[in-house]
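# Need a 3D model of the following:
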Amino acid sequence: MSNKDAIINELQYIPESKLSALYDLIHYFRLGINSEIEQESDKDLAIDQHQCLKTIQKIKQEGLSGFTEISDVKTYIQDLKHEIS
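This next block holds a predicted model:
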């Protein structure tokens, strides 16, 4: 028997008057899990400012100076984050 089946089976022993409270518990627990997953996903999209600067330096050294127009790296990174989200 899977965990889901076991949970569904246990529901038959919960008094009808307590089902609303149980629903709230399950619902908000699930929302919390979804929030954690979203936060982990946001971490995966985080931009490493140091790595960006190293990349820009490498581009400059290779003569691709068109990429040096970025004057404020922090603002540029924030703009990239907004584009991604």
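
# worst-scoring helix or strand of this structure, pLDDT-wise?
helix 49-61 (a mean of 70; mean pLDDT, DSSP states H and E).

# I'd like the distance between residue 79 and residue 4.
Distance, residue 79 to residue 4, by CB to CB, to the nearest Å: 43 Å. Glycine gets a C-beta too; all of them are placed from N, C-alpha and C.

# scratch that, residue 10 is what I was asking about
The value you get for residue 10 to residue 4, if CB to CB is used, is 11 Å.

# Okay, now the unreliable bits of this protein?
Along the chain, the model assigns pLDDT under 70 to residues 36-47, 56, 58-71, 83-85.

# The same query, at a cut-off of 50, please.
Counting by pLDDT under 50, the chain has no low-confidence residues at all.

# Can you show me the helices along it?
3-11, 19-44, 49-61, 73-84 (DSSP state H).

# okay, now residue 16: neighbour count?
Residues near residue 16, counting by other CB atoms under 10 Å, number 6.

# To clarify, my last question referred to residue 77.
Residue 77, neighbours per other CB under 10 Å, totals 16.

# from memory it sits against residue 51, does it?
No - using CB atoms under 8 Å, residue 77 is not in contact with residue 51; the gap is 10.6 Å.

# Now for those two: what residues contact both?
Shared contacts of residue 77 and residue 51 (CB atoms under 8 Å, 6 or more residues apart in numbering): none.

# still on that earlier bit, please identify which of residue 79 and residue 4 sits among more neighbours.
The residue with more neighbours, out of residue 79 and residue 4, is residue 79; 12 against 8, by other CB under 10 Å.
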